[in-house]
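# Build me a model from this:
(one chain, ligands or ions: 2)
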Amino acid sequence: MANSAQAQKLVYLVTGGCGFLGEHVVRMLLQQEPRLHELRIFDLHLGPWLEELKTGPVQVTAIQGDVTQAHEVAAAMAGAHVVIHIAGLVDVFGRASPKTIHEVNVQGTQNVIEACVQTGTQFLVYTSSMEVVGPNIKGHPFYRGNEDTPYEAAHKHPYPRSKALAERLVLEANGRKVQGGLSLVTCALRPTGIYGEGHQIMRDFYHQGLRLGGRLFRAIPTSVEHGRVYVGNVAWMHVLVARELEPRAALMGGQVYFCYDKSPYKSYEDFNMEFLGPCGLRLVGTRPLLPYWLLVLLATLNALLQWLLRPLLLYAPLLNPYTLAVANTTFTVSTNKAQRHFGYEPLFSWEDSRTRTIRWVQALESSAR
Ligand SMILES: NC(=O)C1=CN([C@@H]2O[C@H](COP(=O)(O)OP(=O)(O)OC[C@H]3O[C@@H](n4cnc5c(N)ncnc54)[C@H](O)[C@@H]3O)[C@@H](O)[C@H]2O)C=CC1
Ligand SMILES: C[C@@H](CO)CCC[C@@H](C)[C@H]1CC[C@H]2[C@@H]3[C@H](O)CC4=CC(=O)CC[C@]4(C)[C@H]3CC[C@]12C
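Ligands and ions are numbered 1, 2, ... in the order given. Got it, this is the predicted structure:
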């Protein structure tokens with residue numbers, strides 16, 4: 001990265017900086033990266049909250065752009081030292097077509113890599129996903145696995161397939177020569193299910209619970225563990241990786257890291273109740289209220305309805321065969337690779353993460369009134 005004079009005046013580009021995770025990464029960079037001179041936030045949809053950031057000591061540049069447009073990405077990247085590529089189409093509900101998911105997640109990532117090469121940006125951090133590993137469609141459990149745990153990753157769904165392809169592109173680009181002759185250093189972070197302030201699905205569950213008179217109905221057995229990680233810790237990992245990629249290029253280049261913290265291992269629904277419970281919702285049933293075969297039938301029916309109604313309207317409920325399979329298959333990680341490679345320790349304890357998330361849900365409650 002540049003010479004020592006420039007090293008104190010870094011330019012970062014964050015793609016997808018206005019999304020759920022992106023906003024936390026942007027705010028975390030401003031708080032925790034003292035060498036930052038300019039922060040460029042590149043997103044298809046810019047948030048109004050960016051305005052408040054423009055009064056601080058770091059130059060914040062908002063760029064409305066599309067990662068599928070190579071020239072827009074290259075223009076945004078010119079002169080940047082580090083790019084954190086978070087932008088992606090997160091869709092497991094059939095809202096977008098497989099082609100669009102591929103364009104944004106795979107072609108968009110290829111455009112980011114080519115822009116690094118063209119403009120001489122040497123450090124690329126990619127937000128991948130646990131989904132590049134699994135759960136697979138066979139329902140094999142991944143129990144407290146780590147980055148080296150063997151697992152049969154078979155991707156049929158467009159979202160995990162696109163994330164796996166994009167991650168591979170990023171890792172294979174490690175070592176490519178960029179403009180100026182230096183080598184590109186890349187790595188990928190794989191969050192499990194992220195939760196925290198701004199999480200859209202948590203908001204959906206909360207509103208669903210309110211509509212059902214303060215109740216949610218258990219659909220997944222308590223024994224199925226689903227990995228979750230607090231958004232603030234995922235953001236912190238991004239900041240640390242971006243910082244440490246230069247001094248630890250030989251160790252970290254081309255590596256993948258699961259994102260983890262001290263969040264407890266629980267089923268997807270029981271975990272959500274850690275926040276929704278204190279906000280007045282109740283999860284009905286100690287066991288799933290419907291037999292699994294009936295849930296599979298309902299999920300299949302939803303998929304059929306989505307297909308039939310597509311010419312008329314977008315029907316995209318939370319339950320479909322894919323989301324049911326993911327929610328119903330144990331997938332948890334237990335690793336310390338990030339700690340060993342770049343000294344990561346979670347910035348937020350479980351208690352903190354929980355309290356912050358509860359406060360956010362409570363604020364939803366008061367704004368709904
Ligand atoms: N939410 C989760 O539980 C997990 C998310 N991830 C990954 O983290 C990343 C961020 O996810 P979230 O913040 O949850 O999603 P999000 O949908 O809140 O944020 C994605 C951002 O990317 C932007 N974007 C989408 N298409 C774009 C395009 N063509 N050009 C420029 N910007 C575009 C969106 O406007 C949005 O601001 C994604 O890459 C996702 O695959 C990984 C693991 C878990
Ligand atoms: C069967 C329903 C009964 O209440 C519950 C359905 C919950 C699902 C909508 C979610 C369960 C697991 C989630 C996914 C998981 O956390 C991993 C993910 C990683 C990503 O990179 C993107 C999001 C997601 C696919 C996440 C999406 C929502 C679930 C399928």
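# for the stretch 1-150 of the chain, which spans come out with low pLDDT?
By pLDDT under 70, the weakly predicted segments of the stretch 1-150 of the chain are 1-8.
# Once you drop chain neighbours, what's closest to the residue of it found nearest ligand 2?
In the stretch 1-150 of the chain, the residue that lies nearest ligand 2 is residue 129 (3.2 Å; C-beta to the nearest ligand atom). C-beta here means a position set from N, CA and C on the backbone, and glycine is covered the same way. In this structure, residue 129 finds its nearest non-sequential neighbour in residue 163, 4.7 Å apart by C-beta to C-beta, 6 or more residues apart in numbering.
# same for the host helix or strand of the one you found, what does it pack against?
In the assignment (DSSP states H and E), residue 163 maps to helix 158-172. Packing contacts for helix 158-172, counted by 3 or more C-beta pairs under 8 Å, 6 or more residues apart in numbering; DSSP states H and E, involve helix 98-102, helix 108-119, strand 123-127, strand 185-191.
# List the pairing partners of the following helix or strand past the last one within its sheet, with orientation.
Proceeding C-terminally, strand 185-191 gives way to strand 193-195 as the next helix or strand, assigned by DSSP H and E. Counting by DSSP bridges, the strands paired with strand 193-195 are strand 228-230 (parallel).
# Kindly provide the whole-number mean pLDDT of the strand it pairs with.
Strand 228-230 shows a mean pLDDT of 98.
# Who are the contact partners of residue 39?
Counting by C-beta atoms under 8 Å, 6 or more residues apart in numbering, residue 39 makes contact with 11-12, 14, 26, 29-30, 53, 58-61.
# Just the buried positions in the helix or strand encompassing it, please.
Here residue 39, judged by DSSP H and E, is contained in strand 36-43. The neighbour-count check on strand 36-43 (16 or more other C-beta atoms under 10 Å) flags 36, 38-43 as buried.
# which of the residues you listed lies closest to residue 319?
Each of the buried residues of strand 36-43 was scored against residue 319 by C-beta to C-beta, and residue 43 proved nearest at 29.4 Å.
# beta partners of that closest one?
residue 64.
# is it true that it touches residue 61?
No: counting by C-beta atoms under 8 Å, residue 43 does not reach residue 61; the two are 11.8 Å apart.
# My reading is that residue 258 lies in a helix. Confirm?
No: Residue 258 is assigned strand when assessed by DSSP: H, G, I helix; E, B strand; the rest coil, not a helix.
# For the residue lying closest to it once chain neighbours are set aside, give its distance to ligand 2.
Nearest non-adjacent residue to residue 258, counting by C-beta to C-beta, 6+ apart: residue 333, 4.5 Å away. To ligand 2, residue 333 is 12 Å away according to C-beta to the nearest ligand atom, to the nearest Å.
# Quick check, pLDDT for residue 333.
97.
# Equivalent analysis for the one 3 residues further on, please.
Reading off the per-residue confidence, residue 336 sits at a pLDDT of 98.
# go on, residue 156?
We note a pLDDT of 86 for residue 156 in this prediction.
# Repeat that for the one 5 residues further on.
Turning to residue 161, the model gives it a pLDDT of 96.
# out of everything not next to it in sequence, what's closest to it?
residue 155 (4.0 Å).
# One more: residue 187?
Distance criterion C-beta to C-beta, 6+ apart; nearest residue to residue 187, sequence neighbours excluded, is residue 255 at 4.9 Å.
# thought the one you found was touching residue 189?
No: the pair residue 255 / residue 189 is not scored as a contact, 9.8 Å apart, by C-beta under 8 Å.
# So which of these two has more stuff around it?
Ranked by neighbour count (other C-beta atoms under 10 Å), residue 255 and residue 189 place residue 189 first, with 23 against 20.
# which residues does residue 19 contact?
43, 86-87.
# Close to ligand 1: what parts of the stretch 51-200 of the chain are there?
Residues of the stretch 51-200 of the chain lying near ligand 1 by C-beta under 6 Å from any ligand atom: 66-68, 86-90, 104, 108, 127, 129, 163, 191, 193-194.
# Where does the protein get nearest to ligand 2, residue-wise?
Nearest to ligand 2, among the residues of the chain, is residue 193, at 2.6 Å (C-beta to the nearest ligand atom).
# Tell me the bridge partners for that residue.
With DSSP bridges as the criterion, residue 193 is bridged to residue 228.
# Tell me, how many residues neighbour it?
Neighbours around residue 193, by other C-beta under 10 Å: 20.
# That one and residue 145, how far apart?
Residue 193 sits 15 Å away from residue 145 when distances are taken as C-beta to C-beta, to the nearest Å.
# And residue 72, how close does it get to residue 11?
Residue 72 is 17 Å from residue 11, by C-beta to C-beta.
# can you check residue 324 too?
With distances taken as C-beta to C-beta, residue 324 is found 44 Å from residue 11.
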